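>>> okay, predicted coordinates and the sequence, questions at the end:
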Amino acid sequence: MDTMTHDKANLTPKIALYEPDIPQNTASIIRTCSCLGAQLEIIEPCGFLFTDKRFKRVVMDYMEKDKIKFFKSTDEFFEDKKNQRVILITTKGNISYTEFNYKTSDTLLFGRESAGVPNRVHKAVNERLKIPMKKNKRSLNLATSVGIVLAEQIRQVKN
């Protein structure tokens, strides 16, 4: 594939957050995306304001709002992704994130901290992956999960 003829944004790893509701997690994910060169996409509504002091304390000087793509709805998000793979990272996944073959153009979708994603989102994605955990553990922190899976995607596609 000749990268000279393709949109650079399509060659950048993408992290999408479905209606995030914890400001500190979103701020930490913004920092991770900034440091690792990933595009952040947020499906609104958010459960907080970007002026929240808890958000600002964690995001520090990594906030580049013009580099975050906002979607007003899930429908708008999936319309934008109609020619790309959307990979949901979920505790309900059936494949380990390390056993999946990523493409640079994949969007890694993470659910809301308090409730994940609704069934219609589960049905709309191309694949559902999980991070294997010890038995009787509910879930990892969202920002931690993003870092783990994004690092594996980058490792595989050698960005």
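Cool, the structure landed. Owing to the predicted nature of the structure, the values given are computational and were not obtained by experimental measurement.

>>> which helix is the longest one in the protein?
helix 142-157 (DSSP state H).

>>> which parts of that one are buried?
Under the neighbour-count criterion of 16 or more other C-beta atoms under 10 Å, helix 142-157 has 142, 143, 145, 146, 147, 149, 150, 152, 153, 154 buried. Placement of C-beta: from N, CA and C, glycine included.

>>> what's it packed up against?
Under the contact definition 3 or more C-beta pairs under 8 Å, 6 or more residues apart in numbering; DSSP states H and E, helix 142-157 sits against strand 14-18, helix 23-36, strand 107-110.

>>> run through who's touching it.
Residues outside helix 142-157 that contact it (C-beta atoms under 8 Å, 6 or more residues apart in numbering): 13, 15, 17, 20, 22, 24-25, 28-29, 32-33, 36, 38, 89, 97-98, 101-104, 106, 108, 110, 113, 129, 131, 139-140.

>>> now the buried residues of helix 142-157 as TSV including pLDDT and distance to residue 46?
Putting the buried residues of helix 142-157 into TSV (pLDDT from 0 to 100; distance: C-beta to C-beta, whole Å) gives the following:
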residue	pLDDT	distance to residue 46
142	95	13
143	95	15
145	97	18
146	97	16
147	97	20
149	97	21
150	97	20
152	96	26
153	96	24
154	94	26
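
>>> pLDDT below threshold where in this protein?
Low-confidence segments of the chain (pLDDT under 70): 1-11, 49, 52, 54-66, 159.

>>> any chance of the helices and strands packed on helix 142-157 in TSV, plus mean neighbour count and distance to residue 67?
Shown next, in TSV, are the helices and strands packed on helix 142-157 (neighbours: other C-beta atoms under 10 Å; distance: least, C-beta to C-beta, whole Å):
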stretch	mean neighbour count	distance to residue 67
strand 14-18	23	12
helix 23-36	21	8
strand 107-110	24	15
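
>>> can you list these in a markdown table and add distance to residue 53?
A markdown table is the format used below for those (distance: least, C-beta to C-beta, whole Å):
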| stretch | distance to residue 53 |
| --- | --- |
| strand 14-18 | 20 |
| helix 23-36 | 9 |
| strand 107-110 | 24 |
